[in-house]
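all I have is the shape, not the residue letters:
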């Protein structure tokens, strides 16, 4: 199960329990909408409540990351699991996004909002 919210500077995705292919399709639909109407996207993935994921979801995620490697600016991953951290590192090989792992949501939000402030200063 997951929740998705569209914040001013990023899409916030929180995964609870098992991350399934059905959940991934919902995530994909939301992100593709953002890309279509707003360009490159920042993501915040809160995986602290995730208990696991299905193999078909993992394969689809790799495929999606490769197809959309230039469609993400920053990806903040909140996790306390070593395998999730390793997976985030692996995704850096598949994406041009800047990916960071955080221990808490507040730090991840701050990092994503920091980018937005830098963009605003550059256009001023």
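Perfect, I can see it now. In this text the structure is predicted, and so the values were computed from the model without any measurement.

give me the sheet partners of the one helix or strand residue 43 maps to and which way each runs.
Using DSSP states H and E, residue 43 sits within strand 41-53. Partner strands and pairing direction for strand 41-53 (DSSP bridges) are strand 11-19 (parallel), strand 72-78 (parallel).

which of those strands sits most buried?
Using mean count of other Cβ atoms under 10 Å, the stretch among those with the largest mean neighbour count is strand 72-78, at a mean of 22. C-beta coordinates here come from the backbone N, C-alpha and C atoms, glycine included.

what average pLDDT does that strand get?
Strand 72-78 carries an average pLDDT of 92.

quick one: residues contacting the closest residue to residue 98 other than its chain neighbours.
Leaving aside its sequence neighbours, residue 98 sits nearest to residue 74 (Cβ to Cβ, 6 or more residues apart in numbering; 4.8 Å). Shown in contact with residue 74 (Cβ atoms under 8 Å, 6 or more residues apart in numbering): 10, 42-43, 97-100, 111-112, 115.

list only buried entries from those residues.
10, 42-43, 97, 99-100, 111-112, 115 (16 or more other Cβ atoms under 10 Å).

quick one: which of the strands paired with strand 41-53 is nearest residue 53?
Closest to residue 53 of the strands paired with strand 41-53 is strand 11-19 (Cβ to Cβ; 3.9 Å).

the strand or helix carrying residue 57: which residues count as buried?
For residue 57, the element it lies in under DSSP H and E is helix 55-67. In terms of neighbour count (16+ other Cβ under 10 Å), helix 55-67 has its buried residues at 57, 60-61, 64-65.

tell me, what's the model's pLDDT at the most centrally placed residue in the chain?
With distances taken as Cα atoms, centre = their mean, the residue of the chain nearest its centroid is residue 43 (3.7 Å). If you check residue 43, the pLDDT there is 93.

which residues touch it?
Taking Cβ under 8 Å, 6+ apart as the test, what residue 43 contacts is 10-11, 13, 31, 72, 74-76.
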